[in-house]
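Asker: quick one: sequence plus predicted model below, questions after.
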Amino acid sequence: MAYDYTAMEKKWQEKWIDEGLNLANRDEKKPKFMMIFAYPGVTGYLHVGHLRGYTYTDAICRYKRMTGFNVLFPVGTHATGNGAISLSAKVRNNNEEFIDYLERNGCTEEKLEQLKDPMGVVKFFNEVYVEDYWKRFGFLADWRRFTCTLFPDYGKFIQWQFRKLKEQGLLIQKPYYAPACPNCGPVAVDASETDISKGGNAETQEYTLLKFKHGSEFLVAATLRPETVYGQVCFWVNPEVEYKKISKNGETWIVSPQAAEKLQLQKDGVEVVGTIPGKEMIGWKCEAPMIHREIPVFPATFCDPTVGTGLVTSVPSDAPDDWISLEAVKKDPKMISEYGLSQELIDSVVPISIITMKGYGDFPAKDMIDRLNITQPGDPKLVDAKKQVYKDGYHMGKMKDTCGEFAGMRVEEAKDKMKQAMIDAGEAELFYDLTEEVVCRCGQPVHIRRIDDQWFINYGDQKLTDETSEHCKDMDINPPEYYENVHGVLNWFRERACVRQGNWLGTRFPFDDKWIIEAISDSTLYPLYYTISLYANEGRIKPENMTEEFFDYVVLDKGELASVSKSTGISEDLLEEIRKDVHYWYPLDINLGGKEHMTVHFPVFLMNHRAILPDDMQPKGIIVNWYITGKKNKISKSKGGAQPIPGAAKKFGVDAMRLYYAHVASMFVDVEWDEDIVMTYRQRLDKIMGTVEDLIASESDAPKSDIDDWLLSRFNTHISEIRTAMEKYDLRAMATVAYYEMLNDIRWYNRRGGKNRETLNEALRIWIMSMMPITPHIAEELWSKAGFEGMVSAALLPEPRQISAAAEYGEDLVRDVMSDIAQIRKVAAIEPEQIILYTSPSWKVDVMKLALSMMEEGKLDIPSLTKKCMADENMRKNGKAVSEFAKKTATEFMRSTADAKRPIVELDETALLRSCEEFLSDELGTKVRVCSADEPDLYDPQKKAKVAVPGRPAIFIE
RNA sequence: GCGGGGGUAGCCAAGCCGGCCAAAGGCGCGGGACUUAAGAUCCCGUAUCGAAGGAUUUCAGGGGUUCGAAUCCCCUCCCCCGCACCA
């Protein structure tokens, strides 16, 4: 049967909204629960993988609602940055690929006009996220509270937050090196190339400038590997470049013209004072820093004047370029004579081995050259060679004995130490440069410029780190691994630049208008703002009312109501209402986010809370969810994974997708998106729909019997399993119960002839409720079909009751007997005429009863049990058999619990199995008779009856 | 290298705070029922051996702790992720 899930979804979503089920209003009489998912950045359309975490949030919130909590589930979006600017630029420029992408996802022609404006982009995607994703998936979020980081009221909140950080002394200013255009100031260098026309992939690199003394001047080389100075054997100068002499702090430096310009942006008082042709320097000897040895200057054309300083110190042991160039020089007599060098001098230059690393010999550079089969300077493979040697050296290398006091250190450590030592000695300085050419939109080259007054949030603050770390111990953080590691992450966090200039959307920095607060920093304390956004969205407060006093009062209880009311222009009543809301909903119970947040968002979320809010407002839980990935880490377009979310919702049904997310794996593993798997979940729901509908439609009724006790007991057991699972937010375990075990139980009930209306009604009520958190639409549909009152989304899950271990045990016994019989038939290959089941002789039950009571008193052991049995006159008649059985029983019982064993002795097996004779005969297609081993004149040709024990009837097949 | 996470039956994936684990559940596969409309539904089976419900060998590999280990400890191998402006 094909169900029209789309229609069903729409119908119920509208009803929920009509009934206001999603609205969260303060209700002091009810416990509250507040949960968010980390809001998404407005970067375009989302794909099916993103819905995973969002779905968890809705399911958990629905469950909490069903267990009596007043739930606040707010949503928002993050639009800070230049994403929207760049998207709108693409539309304005008629970027074909991008517009195609928009249209594929359902964007209409008219909307394109709106998208030409950055804020239009934000507005557009805000709508897409809310309407096409979250509402479409049936989320019961309080839409009234929706906020976006670019809303003016949100900005007020962020400005307040920064004022509080400053009060705490957590905002610090220090120099920072950032890409900037001489005309336009700081620019954003990123792949979207909003500010720039070239070089979006460039990154900023820190070079160490090494000063090589030559007379009263310094040749200045730039290196990425200051730890290799002990391997310096010569120095490279490009003979074709006209170098500049610059004066700096009274010294004279020689660098390339390009470097001279860049240095002026980063160093004070740099002036060009002259020039010197590169070839003039060939043959010089200069004194290398750190090692204080004189090394010769050789010619090399690979010295690019645009990279670093255009001068290079040569460490052939670990730099492939150096190795190959040195080889080349040695074999080039023409060059030697041209520059007036001597073969002797050149031959005296030999590489020095300085770093030992696994997989390499004394000279890693040479090994790599050989491995990649590089034979001469200029080979493009040298780029890879360099990268690989650097990377391996950095991570795996250790300094050799040739490295003075740094011998034995890991490269990672030595690098910083050696760099610092040279800086302290005045032999080195730092310098920043971009990895590739970057050109501003205005056409000017972009270089790294020192910004003296950059603001940082000092996450390195020890007190804050310690306090946050301490608080994390009291939090419910999932998965447990993250609970453990979060301390390490907090510790590792240092200062973070929190504002930037240039073409960005975001909130102005309250202490200096030229700055805009950057993207991570304006998204740390924001869950709190959802408790206030309601009032701003409804127009009851305006951004201009939202002053520092306002937030101080409603959040921190600071200030006098009357004076705050006066200064903010908000009525006292309203201020009180907001203040109470804030304190009712906060702290946040759970912040759920994808694993990418573990090292970025969660730590700053925690630290900002700790820094600004009092103890009783600290967050209580974090859940990290892993990803839905595509094959080869990309959701494949051809398989439809990248199809628009609304399309997937239509194809599979929202509930099937929700169930897929919830059940396909635990939250803490990556899952590969696979449509076929989603389809199996859809089929599972079809099956459940059909089963429930059949039950509802069925006219038949029957009096209650044992099987009814069983079903009700099972379902109540399931309620408690669900509660236990959800304590740990284990949606997967919960789903296994609700969508698999409960269906199986219903089937078994049917199979066993159960038909009682009342039982079925109660079972259905529990079952449908159990499905509500994950598949709310079909649950709602079935709830209404079953004629239950109200909506299941508003129903309360009952506490478990009527659990009957005996009833559950009894059915297990029936199933065990059936499977035993099947097995015997298979192995023995018998075509049976009849099957006789002999239940245990009663004396064995008596032994077990004795054992049980002894166990309950905590006095069970083999000799005591045997003794006690022998005290019974009837039992003594069976002498040996009794003592053997007592031994077995005692051993077995001692390994278990009284509760587990009690049903075995309490169940009247003979009566139960007799009542199943007909059922078993039908199921097995053979006449089944049940006898008690105690019966006189027992028909027992193979003497099977005597092996029967409680819980294990003997089986005779003939 | 440092830090983190893993390796479970054909596949995915539970379990992993020691026994009730030959190991949930799903998928796939085999057989049967229905019956021939179905990406349908329902039963049974799916490590190996077994003419009686059992036995044996399994949870990357090796060793150990224990009456008892997929679960705890040690070693080895392999896979994945992050590494602080970082090559």
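Answerer: Good, I have the coordinates.
Asker: what's the spacing between residue A:61 and residue A:913?
Answerer: Distance, residue A:61 to residue A:913, by CB to CB, to the nearest Å: 47 Å. Quick note: C-beta positions are derived from backbone N, CA and C, even for glycine.
Asker: taking the stretch 451-600 of chain A, what residue is nearest to RNA strand B?
Answerer: residue A:481 (3.9 Å; CB to the nearest atom of the strand).
Asker: can you list the domains in chain A?
Answerer: A:20-167+A:474-503+A:515-625, A:204-434, A:673-803, A:817-957 (automatic domain parsing).
Asker: residue A:654 is nearest to which of the ones you listed?
Answerer: Nearest to residue A:654 among these is domain A:20-167+A:474-503+A:515-625; the distance by CB to CB comes to 5.4 Å.
Asker: confidence score at residue A:696?
Answerer: Residue A:696 is assigned a predicted lDDT (pLDDT) of 89.
Asker: looking at it, it is touching residue A:783, isn't it?
Answerer: No: the criterion here is CB atoms under 8 Å, and residue A:696 misses it with residue A:783 at 10.5 Å.
Asker: looking at the two, which has the bigger crowd around it?
Answerer: residue A:783 (25 against 14; other CB atoms under 10 Å).
Asker: report the separation between residue A:733 and residue A:750.
Answerer: 25 Å.
Asker: nearest residue to the middle of chain A?
Answerer: residue A:595 (1.9 Å; CA atoms, centre = their mean).
Asker: residue contacts, it?
Answerer: Applying CB atoms under 8 Å, 6 or more residues apart in numbering, one finds that residue A:595 lies in contact with A:624, A:625, A:626, A:627.
Asker: name the nearest of these relative to RNA strand B.
Answerer: Distance to RNA strand B across those (CB to the nearest atom of the strand) is lowest for residue A:626, with 9.2 Å.
Asker: that closest one against residue A:670, yeah?
Answerer: Yes: counting by CB under 8 Å, residue A:670 is a contact partner of residue A:626 at 4.8 Å.
Asker: and stretch A:228-237, how far apart are its ends?
Answerer: 19 Å (CA to CA, to the nearest Å).
Asker: that stretch close to RNA strand B?
Answerer: No: shown here: stretch A:228-237 not in contact with RNA strand B (CB under 7 Å from any atom of the strand), separated by at least 10.8 Å.
Asker: that stretch - what's its average pLDDT?
Answerer: 93.
Asker: tell me the pLDDT at residue A:358?
Answerer: For residue A:358, the predicted pLDDT is 68.
Asker: show me where the stretch 251-400 of chain A has its helices.
Answerer: Taking DSSP state H, counting those that start in this stretch as the test, the helices found in the stretch 251-400 of chain A are A:257-266, A:278-281, A:320-330, A:333-338, A:343-347, A:364-371, A:381-396.
Asker: which strands and helices lie in contact with the second one?
Answerer: Which is helix A:278-281. Packed against helix A:278-281 by the contact rule (3 or more CB pairs under 8 Å, 6 or more residues apart in numbering; DSSP states H and E) you find strand A:234-237, strand A:242-248, strand A:294-299.
Asker: what about residue A:208, which SS state?
Answerer: Following DSSP: H, G, I helix; E, B strand; the rest coil, the label given to residue A:208 is strand.
Asker: what about it, how many residues nearby?
Answerer: Using other CB under 10 Å: residue A:208 sits among 25 other residues.
Asker: okay, and residue A:455 sits in which element?
Answerer: strand A:447-458 (DSSP states H and E).
Asker: ok, and what's touching the helix or strand in which residue A:159 is found?
Answerer: Here residue A:159 sits within helix A:152-167, counting by DSSP H and E. Applying CB under 8 Å, 6+ apart, the contact partners of helix A:152-167 are A:147-149, A:171, A:457, A:498, A:507-511, A:517, A:522, A:524-526, A:528-529, A:532-533, A:536, A:541-543, A:546-548, A:551-552, A:608, A:611-612.
Asker: same question for stretch A:251-271.
Answerer: Contacts of stretch A:251-271 (CB under 8 Å, 6+ apart): A:177, A:180, A:211, A:216-220, A:222, A:241-249, A:272-273, A:276, A:281, A:305-306, A:308-311, A:429, A:431-433, A:447-450.
Asker: the residue of the stretch 451-600 of chain A closest to RNA strand B and residue A:672, how far apart?
Answerer: For residue A:481, the distance to residue A:672 (CB to CB) stands at 21 Å.
Asker: between these two, tell me which one has more neighbours.
Answerer: residue A:672 (17 against 12).
Asker: so what's that one closest to, chain neighbours aside?
Answerer: Distances taken as CB to CB, 6 or more residues apart in numbering put residue A:629 closest to residue A:672, at 5.6 Å, once the chain neighbours are dropped.
Asker: with residue A:68 instead?
Answerer: Closest residue to residue A:68 apart from its sequence neighbours, by CB to CB, 6+ apart: residue A:796 at 6.3 Å.
Asker: for the one you found, helix, strand, or coil?
Answerer: Secondary structure of residue A:796, per three-state DSSP, is coil.
Asker: doesn't residue A:69 make contact with it?
Answerer: No: counting by CB under 8 Å, residue A:796 sits too far from residue A:69 to count as a contact (10.4 Å).
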